[in-house]
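**Q** Sequence first, predicted coordinates after that:
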Amino acid sequence: MTSPFTDLAVNLPDVLAEVTAVFERYEDALVTNKVEVLDELFLDSPRTLRYGVAENLYGYEAIKAFRASRPAQGLARTLPRVEITTYGRDFATANCEFLREGSTKTGRQSQTWMRTAQGWRVVAAHVSLMA
């Protein structure tokens, strides 16, 4: 049986550069609390989801409401490892480990990105902490 993914080029340099740049823009917006950029970078769809450390958010409106009410303190973090992989020209994943300032717990963040007419958008995300 032939896989539908055998023809997808993985990590095309130009696509990888695009997704890396948008991931870095997202990360900057996250740690500086640029809520409007965070809202922009999630796909405005009822099917978009974000699982957080303490919340399950289904749909763009729920994610947007969470961002609007989230405290703006304690957002600084470092990323000891980032893995971005692109599949073809329109789909990518970005996964990272993070350490919040003042915390000893390692966090993990996964994002699924899709190219849209408006640019790259997160369609699914997951954030968790390791014990």
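**A** Yep, that arrived.
**Q** mind checking the backbone torsions on the residue nearest the centre of the chain?
**A** Centroid-nearest residue in the chain: residue 111, 3.7 Å away (criterion: CA atoms, centre = their mean). Dihedral angles of residue 111 (phi, psi; degrees, to the nearest 10) stand at phi -130, psi 140.
**Q** I'd like the distance between it and residue 123.
**A** According to CB to CB, to the nearest Å, residue 111 and residue 123 sit 9 Å apart. Where you see a C-beta, it was placed from the backbone N, CA and C, and this is true even at glycine.
**Q** Tell me which residues are up against the host helix or strand of residue 95.
**A** Taking DSSP states H and E as the criterion, residue 95 maps to strand 91-100. Residues outside strand 91-100 that contact it (CB atoms under 8 Å, 6 or more residues apart in numbering) are 15, 19, 23, 74, 76-86, 105-115, 120.
**Q** Kindly export it (C-alpha atoms) in CSV.
**A** Extracted in CSV, the C-alpha atoms of strand 91-100 (Å, rounded to 0.1, in the frame of the first residue of the first chain):
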residue,chain,number,x,y,z
PHE,A,91,1.5,21.8,6.8
ALA,A,92,4.0,21.8,9.7
THR,A,93,4.5,20.9,13.3
ALA,A,94,6.4,22.9,15.9
ASN,A,95,7.3,21.2,19.2
CYS,A,96,9.4,22.7,22.0
GLU,A,97,10.5,22.2,25.6
PHE,A,98,10.4,25.2,27.8
LEU,A,99,11.5,26.4,31.2
ARG,A,100,9.6,29.2,32.9
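**Q** Noted, bye for now.
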